[in-house]
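Colleague: Would you be able to build a 3D model of this:
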Amino acid sequence: MKSLLVAAAVLLASVSARAEGTADIVCSYAPSQSKPAAMLSGAAGGSAAAAAAVAQATGTVVVAHSSGAFILSGSGGYIAGTLGTAIVGPTIVVVGLVVGGAAVSLELFCAPKNHPTQAARVKAAAAEFARRTKGAFAKAKTAVAPKVTSVTLAVKQVAGDVSAYAFSRPSAE
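Modeller: Below is the predicted model of the structure:
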């Protein structure tokens, strides 16, 4: 484990030493640019979805055993033979979420470099949206604010009337 951490640290140090090429190297591992990265993220995401679907369909959940280990439990109680091995399901789901989240984040981070045409189209659409909606929120606020105030006052008045009626003493007839 220590050698793996040392190797990762050396790799990061060597990559960061070439600052001009770091983005090129990192973005080359985006799923749209690297077939192994796409296969890995797809497999991790698929296995996480499958594990979650099977657990939900069968009604099984992972619970802590009295010994502290994890065990599967269903509608009929504990499932025999799963002591300690029940951690595999949640681990698959967590690994799938982490790998999938990293792949999506990397793809979004590298989109301007890996997909410049599409990134330019998104920026143009965002600028057009901002141009068209400029001032719309301010107009809506000035038009809606008086109505919200009057409705709030009406609700408070009705609540006060209901409270006065509910807590008033009945008259002696």
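
Colleague: Where does the residue nearest the centre of the chain sit, in terms of helix or strand?
Modeller: Against the mean C-alpha coordinate of the chain, by CA atoms, centre = their mean, the closest residue is residue 101 at 8.1 Å. Element membership for residue 101, per DSSP states H and E: helix 88-109.

Colleague: now do residue 72
Modeller: Counting by DSSP H and E, residue 72 is part of strand 70-74.

Colleague: quick one: low-confidence parts of this protein?
Modeller: 1-21, 23, 170-173 (pLDDT under 70).

Colleague: where exactly do the strands run in it?
Modeller: 61-64, 70-74, 77-78 (DSSP state E).

Colleague: just to revisit the earlier point, next, the buried residues of the helix holding residue 101.
Modeller: By 16 or more other CB atoms under 10 Å, the buried positions in helix 88-109 come out as 89, 92, 93, 96, 99, 100, 103, 106, 107. Quick note: C-beta positions are derived from backbone N, CA and C, even for glycine.

Colleague: And the nearest residue to the first one once chain neighbours are set aside, how far from residue 59?
Modeller: On the basis of CB to CB, 6 or more residues apart in numbering, the spatially nearest residue to residue 89 that is not a chain neighbour turns out to be residue 51, at 5.2 Å. Noted for residue 51: a distance of 14 Å to residue 59, by CB to CB, to the nearest Å.

Colleague: So those two - more neighbours on which side?
Modeller: Using other CB atoms under 10 Å as the criterion, residue 51 and residue 59 rank with residue 51 on top: 18 against 10.

Colleague: Please report how far the more buried one lies from residue 93.
Modeller: 5 Å.

Colleague: and what of residue 54?
Modeller: 11 Å.

Colleague: same check, this time on residue 83
Modeller: Residue 83 is 20 Å from residue 93, by CB to CB.
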